[in-house]
Structure formats: structure tokens, C-alpha cells
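[1] Here you go, sequence then predicted model.
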Amino acid sequence: MKKLLSVIELGGYEDFSSLYQELGYEVTQEITTRKAISRLKRTSYDVVVAEFNYQHTFRDRLSNLESIIAGIQKQNAQCIVIYEKEFENHLATLRQQFDFNAELSLPITCEDMRLALQGLAGHEASAAVE
């Protein structure tokens, strides 16, 4: 079974756990970056869904997402980023350094998430063909 890590720090959107399960994922949910990073060190995931929460007070990075990305890259997991439209210009800075498999701006619906996850599945199939 495929594994999905959902990192919900701020939330403000629907819990997609039942959708993840419907699409065949074993779901783990964390509410802090620290716990998510710890889990990424112990367990390998196929997909990580995480929020981009811009923090202007950080000196060396834009958000906690960079720390999560470091764990994801070691696993070669796919990443779906959820962000607020007002911080898209800051997310653009991260796009220059990291490739995200999908990005969803708030507000998002269950159908938005379904399409993003199905797009990942399509990406996996085309990668297997190459």
C-alpha cells in the first residue's frame, strides 16, 4: 500500500484523510513540522502533502516547508503543497530551488485534491514508461 504523510499545521480546509484512503493510501497525519520531520526520518512515504506557511521572522528560510522538503528529497517522495494565494510570490522563491509535484492554493476542495493526487499517479505511470 502507498503511504501518504499529511502535515496540517494551520489547516482551515477540509480533512482529506478519507479521500487519501479511498485512493489507496495509508495515511499518517502530523500537526507540526518537527513531528513530520521526525516521522520522515523513520518512515518512507510515497506522497507528502504539506502547507507552505510563510514566516517573515525566519532568517535562513521562508517557512517550515524547507525542512520538510529536505526529508522528502532523501526519500524521493512526491510533494503536494498547499498555500495561501497572498504568499504565492514567496512560494515562487522556493520553486526556483525545489520541484513540487502539485500546488493547490486555498481555498481547496476535495475534488482539487483528488485531481492533484490523480495527476501524481499519472506522473508515476509516465515515469515508469520512460
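    In hand now; what should we look at?

[2] Can you show me the strands along the protein?
    For the chain, the strands defined by DSSP state E cover 2-7, 25-30, 47-52, 78-83, 102-105.

[3] quick check: angle from the third one to strand 2-7?
    Orientation note: strand 47-52 sits at an angle of 10 degrees relative to strand 2-7 (axes from the mean of the first three to the mean of the last three CA atoms, to 10 degrees).

[4] Likewise for the fourth one?
    Going by the same axes, to 10 degrees, strand 78-83 is angled at 30 degrees with respect to strand 2-7.

[5] And for the second one?
    Strand 25-30 and strand 2-7 are oriented at 20 degrees to each other (the same axes, to 10 degrees).

[6] May I see the buried residues of strand 25-30?
    Along strand 25-30, these residues count as buried under the neighbour rule (16 or more other CB atoms under 10 Å): Y25, V27, T28, Q29, E30. C-betas here are computed from N, CA, C, even on glycine.

[7] How about the third one, nearest residue that isn't a chain neighbour?
    If the residues on either side of it in the chain are set aside, T28 comes closest to L5, at 5.1 Å by CB to CB, 6 or more residues apart in numbering.

[8] how far away is that neighbour from Q118?
    Distance, L5 to Q118, using CB to CB, to the nearest Å: 18 Å.

[9] Likewise for V7?
    As judged by CB to CB, V7 and Q118 stand 21 Å apart.

[10] More neighbours: the two, which one.
    V7 (23 against 12; other CB atoms under 10 Å).

[11] I'd like to know how far that one sits from N64.
    Distance from V7 to N64, by CB to CB: 9 Å.
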